[in-house]
Each structure stands twice: as C-alpha cells, then as structure tokens.
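Student: Just to be clear, the model below is a prediction. Sequence and coordinates:
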Amino acid sequence: MKLNGFTIGLLVSFILSAVAHYIKAPFFTTTVQFIISCIAIIFVAGFLGKATESVAHYSGERLGGFLNATFGNAAELIISIFLVKDGMFGIVKASITGSIIGNLLLVLGLSLFLGGLKFKEQKFNQNLASYNSSLMLLACIALFVPAIFASSLTSHENSRFSLIVSVLLIVAYLLWLLFSMVTHKNELADEVVEHGEPAWSKGTSILMLFVATVMVAFESEWLVSTIESVAHQFGLSELFIGAFLIAIIGNAAEHSAAVLMARKNRIGAAVEIAVGSSLQIALFVSPVLVLVSFLFGNPMNLVFTTFEIAAIGVAALIAKSISQDGRTNWYEGVLLIVVYLILGIAFFLV
C-alpha cells in the first residue's frame, strides 16, 4: 500500500486502538477505547472494501462477494466458539439473530439506498435472487421447527434434534456452493462489466483481503469488549446489546464493503456480501457452533426465542419480496431500513 492519507489514517488509528486496548492506562477509559475503535473501524472498512473490489475484478462479483462474506464470518465464528465454550448460548443466539437481520435489512438496505441514489436502477442475476429466496425460506424453517417442537421434547431430545438439523443444513449449504460455484455458475453469474484497473495484482489482492480480515477480527473484538460497558451506561438491555449493537459493530467493517460496491454499480457483489453472509450465518455458522458445542461436552440447541424467530422471519420476508426480481432502486433500500428500525425499537423496548 502506498503511504497516502488514507493509509496513514488506517495504520495510526489501528495501532492507537491496539494500544488503548492492551495498555490499561488511566486515560484510556472504556469510553475513550470505544471512540478510538469506532474511528479505526471506519478506516478498516475502507481498506476491506478496496481489497474486496480488487479481488472481485479477477474472480467475478459472486466469488468476490462470497470471499468477503466468508472472511468476515470466519472472524465472527471464532469469537462465537469462545462464547460457546463458556456456555454463553443466549448471547451467541442473539448475535446470530442480529447478524442475519443486520445483513438482510441494514447492510442490504443501505447498499440499495446509497447505490440507488447514484444509479436509477441496478440489476443483478434474477436466477440467483430466486435461489437466495428459497435458501432464506429454508433458514427460517430450520430455526422455526426446533422452537415449535421444543416444549414437546426433553432437553436431551432437543439437543439431538438440533444436531441432526445442523448436519442437514451444513450439507445443504455445501451442496449450494457446489451448485452455484461449479455446476451452474454460468447461469448464476452477473454480466461482465469493466470497472477500470484493479488496485493490486491477483496475488496481492488476495493477500490484502486476508490482511484486512485479520484487522477486522482484532478491531471487532476490541470494539465489542467496550460496547457492553458503554451500552449499560445508557441502560440498554442485554437482548438489544447482543442482537443489535454487538452484531452491528462486529460486522460493520467487512460488510460496509457491500455499500462501497453498490456505489460503484457492482450490485451483484453487494447482494452476495449482504444476502450471502446472512445465509452463511444461518445455514453454516450456526450449525457449526452446534457441532462445536457437542465437542465441548456442553450441547447448544437451535431453539431460538419467539422474538428472535419473528425478527428473522420478518427480515427474510421483506428481503425476499424486494430482491426476487433482480432489480433494485433506492426506495427499496428505504423499506428495508425502515423494517430494521422497527425491529430495533421493538428489541429496545423488550
């Protein structure tokens, strides 16, 4: 990277954030750490967006967006594994809920809105939109059914049922990758549009994407470690903190790349980051956490609360309705954001 103003800001804010986190000096209060981390994550978001755009130039919109979502979710998966190990299942499930609805409503909504302000109408592959809608429905069913039958099953039976469902979801997701990336990749690909020269070579682009993701992982952890203390100062509930604040901040950097892509009329990559990430969380990350919990000897089930299931169902319904025709505009983005605000207010008042 060239040492321009942005690069200097990125390095300085990241290093200062690390110092504030690890050096327990009196002037580095939790509030100060929070502010520094917020500034740093803005720079990290820009860096990750640039890396994603460069990778997408070589790999295509779908694979570029998929890599961005996967790297971002990998960091969240690692953090969640530690939470599962400590038996903090409630926070894990709230964070999963927040990640799914945050990506489907806030990230996709902002992408459509800000991209639509610049371009009157943006198009992406309609076949892909249709399959994404079906996968959203599968995710809702997978979370809805265990909750419906939970009261009729023993704790042991719930755990076993969740384990079976988790294995089926992982198989379904892996087969979806095979279908979309190999056997039917041409049918699901977007039109090839030239977007100028990439920032780096192919190898450097992948390396930068990896480096940016590592920075995201660290910065997200530092920021999340402060948000609970800061939020409690304002009397916010744990459900609201887990489902909204932690989820938004933990995913803000990597998924803000979707907004950057939409602003450059690369809506296919933006949709893949936002929707693809939600599907990956629901169909892969959540089931993997269930499997990991069994390895720790403290099984976690897939029984989510009524509030969480309702929020995910509403998010999937409106996202499906808006994206299924493969065309987007700024007003559709507004609709998604409004639904997100409604859910946010509801969670705040619970």
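Tutor: Received, thanks. Numbers count the residues shown, from 1 in each chain.
Student: which residues touch the nearest residue in space to residue 279 that is not next to it in sequence?
Tutor: Distance criterion C-beta to C-beta, 6 or more residues apart in numbering; nearest residue to residue 279, sequence neighbours excluded, is residue 135 at 5.1 Å. Quick note: C-beta positions are derived from backbone N, CA and C, even for glycine. Contacts for residue 135 (C-beta atoms under 8 Å, 6 or more residues apart in numbering) come out as 176, 279, 283.
Student: Wait, the last one touches residue 143, no?
Tutor: No. If you go by C-beta atoms under 8 Å, residue 283 and residue 143 don't touch, sitting 10.4 Å apart.
Student: Wasn't the residue nearest to residue 279 part of a strand?
Tutor: No. Counting by DSSP: H, G, I helix; E, B strand; the rest coil, residue 135 falls outside a strand, being helix.
Student: start at 18 instead
Tutor: Got it, the first residue is 18 from now on, which makes the last one we talked about residue 152.
Student: so where's the stretch 268-367 of the chain shaky on pLDDT?
Tutor: 268-271 (pLDDT under 70).
Student: What are the boundaries of the helices in it?
Tutor: In the stretch 268-367 of the chain, the segments counted as helices under DSSP state H, counting those that start in this stretch are 284-297, 303-312, 323-340, 347-366.
Student: Output those as a markdown table; include the columns distance to residue 164.
Tutor: Shown next, in a markdown table, are the helices of the stretch 268-367 of the chain (distance: least, C-beta to C-beta, whole Å):
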| stretch | distance to residue 164 |
| --- | --- |
| helix 284-297 | 19 |
| helix 303-312 | 13 |
| helix 323-340 | 6 |
| helix 347-366 | 17 |
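Student: Save these as JSON lines, and put in distance to residue 104 and mean neighbour count too.
Tutor: Converted to JSON lines, these look like this (distance: least, C-beta to C-beta, whole Å; neighbours: other C-beta atoms under 10 Å):
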{"stretch": "helix 284-297", "distance to residue 104": "24", "mean neighbour count": "29"}
{"stretch": "helix 303-312", "distance to residue 104": "9", "mean neighbour count": "19"}
{"stretch": "helix 323-340", "distance to residue 104": "18", "mean neighbour count": "20"}
{"stretch": "helix 347-366", "distance to residue 104": "23", "mean neighbour count": "17"}
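Student: quick one, which of the ones you listed is nearest to residue 245?
Tutor: helix 347-366 (15.5 Å; C-beta to C-beta).
Student: what comes into contact with that closest one?
Tutor: Against helix 347-366 from outside (C-beta under 8 Å, 6+ apart): 118-119, 121-123, 125-134, 253-254, 256-257, 260-261, 324, 328, 331-332, 335-336, 339.
Student: Report the buried members of the residues you listed.
Tutor: In these, burial by neighbour count holds for 118-119, 121-123, 125-133, 253, 256-257, 260-261, 324, 328, 331-332, 335-336, 339, counting by 16 or more other C-beta atoms under 10 Å.
Student: returning to that earlier point: looking at the contacts of residue 152, spot the one nearest residue 69.
Tutor: Closest approach between these and residue 69, by C-beta to C-beta: residue 296, at 17.7 Å.
Student: so what's that closest one up against?
Tutor: Residue 296 touches 149, 152-153, 156, 190, counting by C-beta under 8 Å, 6+ apart.
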